[in-house]
Structures are given as C-alpha cells and as structure tokens.
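> give me a model of this one.
(chains A and B)
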Protein chains: 2
Amino acid sequence: MNRKALDDIEVIDLGQIYNGPYCSLLLSYLGADVTKVEPPHGEPLRARVDNGEPPELVMLNSNKKGITLNLKAERGKELLKELIEDADVLVENYAVGTMDRLGLGYETLNEINPELIYAHGSGFGEDGPYRQYPAMDLTIQAIGGVMDVTGFSDGPPVKAGVAVGDFMGGIHLAAGVLGALYQRERTGEGQFVEVSMHDAVYPTLMSPMAAHFNGDDVPPRTGNRHSGLAQSPYNVYETADGYIAIFGVTDDHWHSLLDVIGRSDLKDDPRFQSNVKRSKHADEVDRIVENWTRRYERDEIEEILLEAGVPCGPVKEISEVVEDPHLKDRKMINDIEHPSYGNISVPGLPIRLEDSDIPDIEPSPEKGRDNREVYRNRLGLSAEEVDELETHDVI
Amino acid sequence: MNRKALDDIEVIDLGQIYNGPYCSLLLSYLGADVTKVEPPHGEPLRARVDNGEPPELVMLNSNKKGITLNLKAERGKELLKELIEDADVLVENYAVGTMDRLGLGYETLNEINPELIYAHGSGFGEDGPYRQYPAMDLTIQAIGGVMDVTGFSDGPPVKAGVAVGDFMGGIHLAAGVLGALYQRERTGEGQFVEVSMHDAVYPTLMSPMAAHFNGDDVPPRTGNRHSGLAQSPYNVYETADGYIAIFGVTDDHWHSLLDVIGRSDLKDDPRFQSNVKRSKHADEVDRIVENWTRRYERDEIEEILLEAGVPCGPVKEISEVVEDPHLKDRKMINDIEHPSYGNISVPGLPIRLEDSDIPDIEPSPEKGRDNREVYRNRLGLSAEEVDELETHDVI
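Below is the predicted model:
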C-alpha cells in the first residue's frame, strides 16, 4: 500500500532548532508535504557550523522541501500569506508573541484561511506567569524538575543528556496537529494548537511525584537506583569494560541472579528474603552483584543474564547507539548520503502505522533549495520575479 | 464551545503502568470515552501500595471508566470481543506476543471490527533482534544511550530521573492513534499502530549525536555543560540556598552578566572575548560566575538575571514543581480530592486545542468501579449475570 496517513496534507514549517522541526518531521514522515521556511540567512541551527550543513539540521529535516523567506520584509509577509492560502497546517516555535509582532499571528492567518491549523510550540506557553521567560531545554529541565531528580543524592542536580523538553514538546505538538486535523473533519474549521515544553515534561516526573505524594523518606535524586528506593537489585553496575543496568523485579529474578554469580548460598540469607528487605540492604546487594560484574565483560554478562531470565541492559555508548542493529533493522536509523553533508545516519519515524509504508528518507534541503519550485510552481511567480526577490533579500 | 476533538471516539484501554495509560489519558482528555480494563486482581501498578490507590495510578487514569476483566477466562475473552465490536481504539502495552497467545491478537479483533485501531506500545517493538528483551524504562535508558550521555565525564553513566522511555513511547503511541483516526476518515478502515520506547527515545539524543558525527573531541557526558562544550557560560551553579541554571547564548548576555556580578572589568579580557574562547576557559568562567551565585539566594538571582536579560532557570525541587503556580495557572496541575486516595495533584493535558475545552478532571476509577454500568448498559447483561461473572472471577 502506498497511501500514507497525511498524503493530502500540506504543511508550512517555520520551525527552528529542535522543537518545531521534530513536530514537522513526524508530519512529513506520516505523508504530509512539508515546506521548511528559513530566513534568508538560515535558521539558527545553521550557525552551529561554519560551513555546510549542521548534522542536527540534517537529522531533523529529512523529507521536507526547503525555501527561504524574510518575514520582516513586507513582500515576505505577503508571500507567506499566499503560501498559507492553500496550506492545512502552519508549525512555528518562535518566542511567544513573535508572529503577532510580525503581523502574522493566528487571527490574521485564520482570516486568510479558516481551515488552517496553526501549531505553536514554546517553552512556557501563551499564558501564565512564566510566559515571557526565555526557554531553552536547559532552563526547562531546571524549572521543570528534571534536574532535581537526576543525579546522586550526595551530588548536585544534573541535566538529562537528552533534550527531553524540546522533544516532548515537539511530539505533543504533532499529536495536537493530528487531533485538530481529525476534529476538522467534523467541523470544517482549523484552530490554534499550542504546546509548551514545560507542560509536556511535567508528567514524566511520575515516579518522583509518587514518592513525594506517598511521603516516602527518599532523596529526590537516587542516582541509578529506583526513585522510591523500593527495588533491589536495581542499579547500574561496573563491568570489566563498561556498565550494565540490572533490574531484579521478583524474588525469582534474585534467585536466578544468585545462581548465576555463584552465590546460591545467599538464597536463605534473612537480609535478602524479599524486595523490601533487599532494598533496606541495597548497599550489600549492590556490592555482591558488582563484585561479580566487575570480573566479566558487559556483553558477556548481558548474554548470561538474559539466558537466566534476569532483566538487564548494557549501557551502550553513543557510538554504539548510532550503529544499533535493532534500530537499523526497524528503520529508526537510516544511513544516507547527504549531497552536502556526506554520509550520516538520520532518525526515522517512531510511529508505525500498518497501512502506511515506512518512509523512504530524502535528505534534508540545503538553504533555499526549493525556492524556484515553490515560488514558481506553487505561487506562479516568473523566473525574473524570483531573481528579484533574491536580489532584495526577500528570499 | 463544548465539543472536543475525540467526542465520538470510544477507547478500550488495556494499558498498564505508565506507557499505555499515558497514551489513553491523552485520548481521554481530548474527549474520547475511555474504559480502563484491569484484571480482577488489578493492574501491576496497584501492587506498589498495600491498600487503596497508588498515586501513579491516580495521576495517569483520570477521566476514564474502570472495569475488571479476566482475559485468561474463556468468558472473559468473549466479553472483550463484545466490547471491541463497538470500539474505535484498543490500547495495550503488554509484552510483544501476549495478546496473540491469549487469542486476542490484532488479526482476531480486526475480524470482529475492521474499523478498529489497535495500538500497541512496547519496549523494543514487534520485530528486530531485541524484540523479546525485557523492557523497563531503566533498561531502555541503558540500551538507548540516555545513560551514556547523562552525568559527569569523570563519573559513571546516570539514568535520567524522568521516565523518558515510558512517556516518549506513550505520547508517540497517542499520536499514532490520532494519525490512524484521520486516515480512517479516508479509508473507512482501522489498522495496527505500533510504537517502541526504544525507537521513540532515539531522536532525543540529537545533541550528543551531532557532537559524535562532527567528530568533536568531547566526552559523551558533560555534566551540566553544553553537550558539545561549545557554549559558556552554560552550567548549573550553586547558590546560597540551591542551584540555578544559567545559559549565556550571546556576547551581550555575557556582558550583562559581568555587569550584574560586578566584574565589568572582564569585558575586555582576551580569554572571554567570544563564545569559542569562553568555552575554552569554561572552568574560569564557571568559577567567576559561581563565586557570585554562592553569595545570593536562588530566587534573588533569578530575578536579577531575568531583569538583566540573561537566560536562567532556578533548579526547582520536586516539592516546588508539584505546586508550581505557572503549571497550576495552565491547568497542567490540578488539585483534586480523590474519593479513595484523598487530596492529590494530577497532571492535565499538555496539548491545548483552541476549539476544545480544557478538560475538567474526574478522579481515576477504583478497581472495577464501573463494572455494573459497562456490563449492564453497554453489553446488556442482567444484574444476576454480572454477579455471576464476579463470583467466577471473570470480572
């Protein structure tokens, strides 16, 4: 089957950095025709490298057309409005109020195209006391509680190394667009869709929130242990050549682990008779386990423990993750040759719809790559007009 | 306006723990009629407390009906099939293959209801070499690279304290359901939708992947510094009473910061003339900044820096986050009185659709709360039949 879920949808994408572009990447992979619109000097991500395409941009903008457009120029505003006339969705993640100041806010665009779904991603949202705060993933992680619960009890708060704010924001925004598209089938009308990174991160605090509401006597940061300190063994253990996470949920797991590490003698030890007791003696449990893991290689341990039915996961290094055979098999990692960047792996679509093909990857556009096609074919401008727009820095 | 995006949608929710229930929570908040189906002994989350409702369950199952059903009993399977006849969506996050083994796999349910959208969340997905691996958030974070990039360069890998696997999985699954609902408007047919936590987490590695592909000479873990070590100041700094994240993107930010901390003399210091130079001297930059931050209180510093236009964010403690005035203002935090749990705050909907009301929160159901309503009104059983199902542990 060749049809994809969003085959008939056209998206104008003003997204920049991670948040907006991840939203529109998903829409594009789901079949939408996405046109990435950058200012003539390029979107902010481009400043991360001196020449050529930054890898982040290549990874987040596959399967999109690319045009340039100066939204500060009068003629640029007009052209955006013309593009909006036939579009189904606009995605943008400028700071709150930016589009209004440009005279291109939702009210204006909705008048031009009442069926338009206008999707806005931001750090803190359109209203509420923090709405004007500068928002980056770092500050969202700080204010949002992610840092408070990451790291060790005797150390400082730590940021999660993954951009949880940007990406939780981006995928929630994509879900909002999809919900609005479905609703439009009923109402015939577009609408304003809004997601803040701060809101989107909040539910991920589930375990520490539960410990807090339960009044558990645990520190906010528990390192690699269970956030309620209520499971043991549950930790990351050093091996001869790396680290492995081991998580013994049941007594059976514990007994299997003891057999494997040659400590079956401890099965009757009263300190370790139940999860509750093991959790109270977690230091001893971890010492016993790590005493064994240190003597073997990570992948060897993984094989032994999976064979014994003990849940575990090797801590893979980033260089391994980008070559992961499972992610490649599932087309989440796609090795491509980008005409300007060269060889690189780019993410695929984590949403698998049986009735849509897994998308083939087309390399992200260089800045303004599709100016001619879009401005001539879609808006009907002449070659001379396009040249003039370029000369006057409108595109 | 009272209409919500999914007002006409009926969801049968076999979700458990975090992943599936977060997906169906979003669908429910978007207007769907969601019926949470638990085994007669309750879903696994219930085992986290000895009595009453666990807070996690209360936080993730608002606005759902709750019934019990034993899918291992023949009569239980029949009842599920009857419920599926009129449903639009089934959500489940059992281990891969579980529903097939129960005789309730997609093929079977699709025959009963070809319009059914069957959504399956899992750790590693339906295919690929890891498909049978036991999957918890901890092991996904290990194998998926999250731990490798979290923590300090001279310390061990650290798990993110937020359940990034469960929640990235859950929201991508919700987006998949919404995409499939939209596609059904075109095709008239349901389909199988699948999301793995492992796939869904992969794109969040964006910054460390970019550093890797660029061949930057940086460690995988950079603590609270920029993952490419390419920005300074960029760190979490100790204050007199906590921590604050400060992120000076531009030279202007740096100069404003120097003015604020009384070190305008350093504006011309050749070590700090550009982001590139400051990044090379990040230890000195951080010492200068922290020398000042240590002398003031966190919230005082926040006020001073925001006034001066320097991006920053106080590292809020979990006890503050669950009382955050901004999140309350945006209805992301809702103080409710749960009939069994008591007073608690539960998350709202991070997706704001202008044409749908922000959902009022109805407390999560106690186990089997709506058995009578659903089995009698929806399936037409008599009071005696429902009693008998209970007696025989079918519900």
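> just checking, residue A:9 touches residue A:33?
Yes - under the criterion of C-beta atoms under 8 Å, residue A:9 makes contact with residue A:33 at 7.0 Å. C-betas here are computed from N, CA, C, even on glycine.
> these two: which is more packed in?
residue A:9 (22 against 18; other C-beta atoms under 10 Å in any protein chain shown).
> show me the contacts for residue A:361.
By C-beta atoms under 8 Å, 6 or more residues apart in numbering or on different chains, the contact list for residue A:361 reads A:62, A:63, A:334, A:336, A:346, A:348.
> wait, the third one sits on residue A:344?
No - with contact defined as C-beta under 8 Å, residue A:334 does not count as touching residue A:344 (9.3 Å).
> dump stretch A:380-395 to PDB, keeping only the CA atoms.
Extracted in PDB, the C-alpha atoms of stretch A:380-395 (Å, rounded to 0.1, in the frame of the first residue of the first chain):
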ATOM      1  CA  GLY A 380       3.100  31.200 -10.100                       C
ATOM      2  CA  LEU A 381       6.000  33.800 -10.000                       C
ATOM      3  CA  SER A 382       8.200  34.200 -13.000                       C
ATOM      4  CA  ALA A 383      11.900  33.400 -13.100                       C
ATOM      5  CA  GLU A 384      12.600  37.200 -13.100                       C
ATOM      6  CA  GLU A 385      10.400  37.800 -10.100                       C
ATOM      7  CA  VAL A 386      12.200  35.100  -8.200                       C
ATOM      8  CA  ASP A 387      15.500  36.500  -9.100                       C
ATOM      9  CA  GLU A 388      14.400  39.900  -7.900                       C
ATOM     10  CA  LEU A 389      13.200  38.500  -4.600                       C
ATOM     11  CA  GLU A 390      16.600  37.100  -4.100                       C
ATOM     12  CA  THR A 391      18.400  40.300  -5.000                       C
ATOM     13  CA  HIS A 392      16.300  42.200  -2.500                       C
ATOM     14  CA  ASP A 393      16.800  39.700   0.300                       C
ATOM     15  CA  VAL A 394      13.100  38.800   0.400                       C
ATOM     16  CA  ILE A 395      14.000  35.200  -0.100                       C
END
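> buried set for that stretch?
Of all the residues in stretch A:380-395, those buried under the rule 16 or more other C-beta atoms under 10 Å in any protein chain shown are A:381, A:386, A:389, A:390, A:394, A:395.
> what about the spatially closest residue to the second one that is not a sequence neighbour, neighbour count?
Just to be clear, that refers to residue A:386. Nearest non-adjacent residue to residue A:386, counting by C-beta to C-beta, 6 or more residues apart in numbering or on different chains: residue A:375, 5.0 Å away. A total of 25 residues lie near residue A:375 under the criterion other C-beta under 10 Å.
> where does residue A:375 land on pLDDT?
The predicted structure scores residue A:375 at 98 on the pLDDT scale.
> and it, how far from chain B?
Relative to chain B, residue A:375 is positioned 30 Å away (C-beta to the nearest C-beta, to the nearest Å).
> tell me who's in contact with that residue.
Neighbouring residues of residue A:375 by C-beta under 8 Å, 6+ apart: A:67, A:79, A:381, A:385, A:386, A:389, A:395.
> redo that, cut-off 7 Å
Residue A:375 is in contact with A:381, A:386, A:395, counting by C-beta atoms under 7 Å, 6 or more residues apart in numbering or on different chains.
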